[in-house]
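S.K.: only the shape, not the letters, is given here:
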């Protein structure tokens, strides 16, 4: 990767290379531009060679600040897209319960941080659910209908286990529990 040549610090510079005063004091004044050996030092009458930009990184700057890892870069969640995903999830029903899976409380997480991809973490009412194979497929089909979503990853989890406490107010009303 192109950033690799920035990883060399001043301590890695050989004794034959010399750091000019302005470059050496950059930590005190980080806004000061970096001069390279090809640029003349107009402020100094010295003919001391400048440290090449490719071999200089302030010692106090962690590499992660120079080159952020992909894990630290996340796209903002599009709230409109999230609303569309929730609406799609509300079209999927557990055949044993006349309420959609979102209001039943089977959806634990909706991950839309990667463009074009929806990640759904969900559970089922029971590990022995007869619809254990059909419901995730129906979730995937419903979400793939949304414009901008090409990939859907549905993960079934059992922790925390589903309980009736996870029913929404609308689900409780529909089931006569209120």
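M.R.: Sure, I can see it. What you see is a predicted model; the values in this text were computed from it and never measured.
S.K.: so where's the chain uncertain?
M.R.: 1-77 (pLDDT under 70).
S.K.: so where do the helices sit in it?
M.R.: Here the chain has its helices, by DSSP state H, at 21-24, 63-66, 79-89, 101-104, 134-144, 169-174.
S.K.: out of those helices, which comes closest to residue 114?
M.R.: helix 79-89 (11.8 Å; C-beta to C-beta). Quick note: C-beta positions are derived from backbone N, CA and C, even for glycine.
S.K.: residue 107 touches residue 122, doesn't it?
M.R.: Yes. With contact defined as C-beta atoms under 8 Å, residue 107 reaches residue 122; the gap is 5.0 Å.
S.K.: can you tell me which of the helices of the chain is packed in deepest?
M.R.: Ranked by average neighbour count under the criterion mean count of other C-beta atoms under 10 Å, the helices of the chain are headed by helix 101-104 at a mean of 24.
S.K.: just checking, what packs against that one?
M.R.: helix 79-89, helix 169-174 (3 or more C-beta pairs under 8 Å, 6 or more residues apart in numbering; DSSP states H and E).
S.K.: show residues contacting that helix.
M.R.: 86, 89-90, 92-94, 97, 107, 122, 125, 135, 139, 162, 166-168, 170-171, 174 (C-beta atoms under 8 Å, 6 or more residues apart in numbering).
S.K.: equivalent analysis for stretch 131-148, please.
M.R.: 81, 84-85, 88-89, 91-92, 94-96, 101, 106, 115-116, 118, 120, 122, 124, 129, 149-150, 152, 154, 156.
S.K.: swap in 10 Å and give it another go.
M.R.: 78, 80-81, 84-85, 87-96, 101-102, 106-107, 110, 112, 115-118, 120, 122, 124-126, 129, 149-156 (C-beta atoms under 10 Å, 6 or more residues apart in numbering).
S.K.: noted, bye for now.
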